[in-house]
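In: This is the structure alone, sequence omitted:
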């Protein structure tokens, strides 16, 4: 969990209040504990009474909305959090993430406004804490992907990635990879993924990113070769299993292996994590595609239905499901 360490500090602060506030804050502490235990359904009602007056409660309610893909409410809660505590870089970074998600589902004019707000939130987070890796990588990704009219700047993203790599090598390479991909710079992608695989062998990022790059170019044999190499070393690497299944679904090749890989991912601890809800939905969609290619329409329909149930905003899965009715 990205901000798992925050909760311990918050709970410590809550229990050290004066006696008159301990009882009032017990609901907030309980809500935080339930949220961190993965029980958002029970946590939210306990947190809501504090949302208008407590930055901590507003932050957690924003996280709950963001995890559920409810970007508008997430924006409202995170805006409340920063209004109550303007010096917390974590709140500003999450606000930027909520703006980014909300922009994706908005019309053109709202996208323009939200993009500027997103950039400003990430910049504020970095200004408050230049060592916050989440904020720095989010800002670099914004510069890499956003159009110039709303402040995108790919050269600045490259320069920031290089600077980040001097004190956080993994995150510097991760940010450089995003910048290279957006720029369609094949040489840079290969160099960066090679560095990731060599320097950080415990991470699947280099392997998955290179396989994805080959898949975009329809070089499916090369993509499978990269993933086979990774799985030979780490057969339970969940992200590699997901990518293997995705490549199989896209290419129509090695379908039995792809189905097995996706089923293992879905059953994994990663697949069961609430924060992976969107990826879990996509895994079911990819498995549906595999079943469709192997002439198993009932199984494909069932997997698309699961995808839509997990993530009702998965428009591609909803569209595919309608074809089976």
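Out: On my side now, so go ahead. Keep in mind it's a predicted model, so treat the numbers as computed, not measured.
In: List the contacts of the closest residue to residue 306 other than its chain neighbours.
Out: The shortest distance from residue 306 to any non-neighbouring residue, by Cβ to Cβ, 6 or more residues apart in numbering, is to residue 284 (4.5 Å). Placement of C-beta: from N, CA and C, glycine included. By Cβ atoms under 8 Å, 6 or more residues apart in numbering, residue 284 lies in contact with 266, 303, 304, 306, 307, 310, 317.
In: Any regions of the stretch 201-325 of the chain where pLDDT drops low?
Out: Low-confidence segments of the stretch 201-325 of the chain, defined by pLDDT under 70: 274-275.
In: Please, where are all the helices along it?
Out: Secondary structure of the stretch 201-325 of the chain (DSSP state H, counting those that start in this stretch): helices located at 205-216, 220-233, 238-251, 255-267, 277-293, 297-310, 315-322.
In: avg pLDDT for the longest helix seen in the chain?
Out: Scanning the chain for the longest helix, with DSSP state H as the assignment, gives helix 108-128. Taken as a whole, helix 108-128 has a mean pLDDT of 96.
In: Could you identify the helix or strand that succeeds it?
Out: Next helix or strand after helix 108-128 toward the C-terminus (DSSP states H and E): helix 133-145.
In: Go through the helix or strand just after that next one and flag the buried ones.
Out: On the C-terminal side of helix 133-145, the nearest following helix or strand under DSSP H and E is helix 154-165. Residues 154, 157, 158, 160, 161, 164, 165 are the ones in helix 154-165 that count as buried (16 or more other Cβ atoms under 10 Å).
In: Number of residues surrounding residue 72?
Out: Residues within reach of residue 72, counting by other Cβ atoms under 10 Å, total 12.
In: SS state for it?
Out: Following DSSP: H, G, I helix; E, B strand; the rest coil, residue 72 is assigned to helix.
In: ok, the residue nearest to it when sequence neighbours are not counted - how many residues close by?
Out: Closest residue in space to residue 72, ignoring its immediate chain neighbours: residue 102 at 5.8 Å, by Cβ to Cβ, 6+ apart. By other Cβ under 10 Å, the residues close to residue 102 number 20.
In: And residue 102, how close does it get to residue 252?
Out: 36 Å (Cβ to Cβ, to the nearest Å).
In: before we move on, back to that, and the residue nearest to residue 72, what element?
Out: helix 89-104.
In: Can you give the contact residues for that helix?
Out: Contacts of helix 89-104 (Cβ under 8 Å, 6+ apart): 3, 6, 55, 59, 62-63, 65-66, 69, 71-72, 74-75, 78-79, 81-82, 85, 110-111, 114-115, 117-119, 121-122, 124-126, 128-129, 132, 134-135, 138, 142.
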